[in-house]
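1. Show me the folded form of this:
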Amino acid sequence: MSSHIDSERLSNSLAELDQLTNWERRPRGDMRVDLEPMRDLARRLGDPQNSFRIVHVAGTKGKGSTCALIEAGLARAGFSVGRYASPHVMHITERVSIDGRPVGEERLADALGAALSAFKDARREATGGQGATWFDILTVSALLIFSMERVEWAVLETGLGGRWDSTNIVQSDVAVITNIDLEHTEILGKTRAAIAFEKAGIIKPGAAVVTLLPEADEAGTVVSARAAELGCAVRRPTVPADATIEQRNVAVAGTVLDVLGKMGVMTKGASAMSEPLGEQLLDPSTIAAARLPGRLEKLAVDTSHGDNAKVNVVLDGAHVPFNLAAVLSDLSQEEKYRAPCIAVMSIADDKDAAGLLSTMTRHDISIIFTTVGARSRSPEQLKTIADTLGLLSIVMIDPSKPIKKRWQAPRNQALGFSSPDRSISSASSVRHELERV
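-> Residues are numbered from 1 along each chain as shown. The predicted model follows:
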């Protein structure tokens, strides 16, 4: 869901873009496995991806937050930085950031116009670019913006997988693989090793590799083998077994900065002596500034209903069981989130609903099942699964109704919102309703 778009040019470009295949909004079993459309479009636009240095990030979860932390660290070092991310929460311009701020509507409209023009030329000439998708056009537009804005570094988040992802036409300095778990198995494979092979496709000759996957791990072994094949060094941060999601993300981002420092990348700016980049750039204020909406986003909502005046709310889009388990574990470490919780939840058809709901049985959670788009699984089906697991749940088809209802639960009750794969963008509807409570 995007908020209002002021630019008529951007609205027109997005309307044209929406005529193309958008795999974010449909079943993905028939996705194209070919980078030629991206390569063709990029060539027609002057190969903008060659204008800046790149950190490329793949993984099952944590990609967006890790990218934001790397971006923040590079900016703290004095560099101009672009970041490409997906999905967006409130506005499509969030997908393309320059120096920590979403790009302006007119700038995005310029780039989309150029990319759509290149697409039309490819279609007229029957070259590879005629097969471009919605995500291809948006990706090449982001690369064009980074080139036009003369960024020194770009941090690119893969959309899905790695080997055939639209972002994978780039040559990166560092390839990051945050973690691997079963997701998009109809495309990426049925095992963690198969999925790791796809995500390790972002590793290029000469790049350093940063991952949290242990070398002896099924997926970590695949990543190590691919790195060795290409002559790439692998760096693995050391994190405690009970580290929080944020601590893991910070460890990965800090290791990326350390690796760049060892490559000879130095801080810029006249106010201090230049020094190698490193994890010291991620001080508490920089980490705080890098937090993203819809990723373990915590709000205290004033409902003005007597004793229940304040309700603690968490918005997150965990879409695989291991990540949902990590989210719930992190929250349980904070006193105010240990109370009984109501989760407003939608799950996409291609997600492991039984696995996600099984994870919730370990906590004191009641669930309101809802729907947020064409890919949402039937809330009634989800309730049937929940019933077999002994979870208390009800169905509310309209996702705004659970938010508008008066709070009847204990004062420190938390509300979670998950809608795996579309969850981050769908969370914006919850935020809108919270503002009206």
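2. Check the gap between the closest residue to Arg226 other than its chain neighbours and Ala207 for me.
-> Once flanking residues are discounted, Arg226 sits nearest to Ala200: 4.1 Å by CB to CB, 6 or more residues apart in numbering. For glycine as for every other residue, the C-beta is placed from the backbone atoms N, C-alpha and C. Computed as CB to CB, to the nearest Å, the Ala200 to Ala207 distance reads 11 Å.
3. When these two are compared, which one has more neighbours?
-> The neighbour count for Ala200 versus Ala207, taken as other CB atoms under 10 Å, is higher for Ala200 (26 against 23).
4. which phi and psi does the more buried one have?
-> Torsion angles at Ala200 (phi, psi; degrees, to the nearest 10) stand at phi -70, psi -10.
5. so it touches Val223, yeah?
-> Yes - contact criterion CB atoms under 8 Å: Ala200 and Val223 qualify, at 5.0 Å.
6. Mutual contacts of these two, please.
-> Ile177 (CB atoms under 8 Å, 6 or more residues apart in numbering).
7. so what's Asp121 up against?
-> The neighbours of Asp121, taking CB under 8 Å, 6+ apart as the test, are Arg44, Gly129.
8. Kindly confirm my reading that it is in a helix.
-> Yes - assessed by DSSP: H, G, I helix; E, B strand; the rest coil, Asp121 belongs to a helix.
9. ok, it to Arg43 distance?
-> With CB to CB as the criterion, Asp121 and Arg43 are 11 Å apart.
10. helix or strand for the nearest residue to Leu230 once chain neighbours are set aside, which one?
-> Leaving aside its chain neighbours, Leu230 sits nearest to Pro205 (4.7 Å; criterion: CB to CB, 6+ apart). For Pro205, there is no host helix or strand (DSSP states H and E).
11. Ramachandran coordinates for Pro205?
-> Dihedral angles phi and psi of Pro205 (degrees, to the nearest 10) take the values phi -50, psi 130.
12. And it, how close does it get to Val252?
-> According to CB to CB, Pro205 and Val252 sit 22 Å apart.
13. Show me which of the two is the more surrounded one.
-> Per other CB under 10 Å, whichever of Pro205 and Val252 has more neighbours is Val252, with 28 against 9.
14. show me what contacts the more buried one?
-> Listed by CB under 8 Å, 6+ apart, the contact set of Val252 reads Gly62, Thr66, Leu69, Val176, Thr178, Val210, Thr211, Leu212, Pro237.
15. Who wins on neighbours among the residues you listed?
-> Using other CB under 10 Å as the neighbour criterion, Val176 leads the contacts of Val252 with 33 neighbours.
16. Can you tell me the closest non-neighbouring residue to that residue?
-> Nearest non-adjacent residue to Val176, counting by CB to CB, 6+ apart: Val57, 4.3 Å away.
17. any idea how far the one you found is from Cys67?
-> 5 Å.
18. just for the stretch 151-300 of the chain, where's the confidence low?
-> Filtered on pLDDT under 70, the stretch 151-300 of the chain yields the residue ranges 182-189, 270-272.
19. mind redoing it with 90?
-> Scanning the stretch 151-300 of the chain for pLDDT under 90 picks out 160-161, 181-190, 241-242, 244-245, 269-274, 291-300.
20. What is the end-to-end distance of stretch 207-219?
-> Stretch 207-219 has an end-to-end distance of 19 Å (CA to CA, to the nearest Å).
21. And for stretch 94-105?
-> Length of stretch 94-105, first residue to last, CA to CA: 10 Å.
22. Next: stretch 331-348.
-> The straight-line separation of the ends of stretch 331-348 (CA to CA) is 23 Å.
23. quick check: mean pLDDT across that stretch?
-> Mean pLDDT, computed over stretch 331-348, is 85.
24. export the helix or strand harbouring the residue nearest to Val176 as CSV, just CAs?
-> Assigned by DSSP H and E, Val57 belongs to strand 53-58. Presented in CSV, the C-alpha positions along strand 53-58 are these (Å, rounded to 0.1, in the frame of the first residue of the first chain):
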residue,chain,number,x,y,z
ARG,A,53,30.9,0.6,-5.8
ILE,A,54,28.5,-1.9,-4.4
VAL,A,55,27.6,-4.0,-1.3
HIS,A,56,25.1,-6.7,-2.4
VAL,A,57,22.9,-8.3,0.3
ALA,A,58,20.9,-11.6,0.1
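25. Next secondary structure element downstream of it?
-> Using DSSP H and E, the next helix or strand after strand 53-58 towards the C-terminus is helix 63-76.
26. Does anything pack onto that next one? Which helices or strands?
-> Packing partners of helix 63-76 (3 or more CB pairs under 8 Å, 6 or more residues apart in numbering; DSSP states H and E): strand 53-58, strand 81-84, strand 153-157, helix 245-262, helix 284-289.
27. between the ones you listed, which one is nearest to Asp217?
-> For Asp217, the closest of the helices and strands packed on helix 63-76 is helix 245-262, at 14.6 Å, according to CB to CB.
28. quick one on the thing from earlier: can you tell me which residues contact the residue nearest to Leu230?
-> Pro205 is in contact with Leu230, Gly231, Cys232, counting by CB under 8 Å, 6+ apart.
29. So for stretch 72-80, what gets flagged as buried?
-> Within stretch 72-80, the residues scored as buried using 16 or more other CB atoms under 10 Å are Ala72, Gly73, Leu74, Ala75, Arg76, Ala77, Gly78, Phe79, Ser80.
30. What subset of the contacts of Pro205 is buried?
-> Applying a neighbour-count criterion of 16+ other CB under 10 Å, the buried members of the contacts of Pro205 are Cys232.
31. Read off the pLDDT value for Lys61.
-> On the pLDDT scale, Lys61 is placed at 83.
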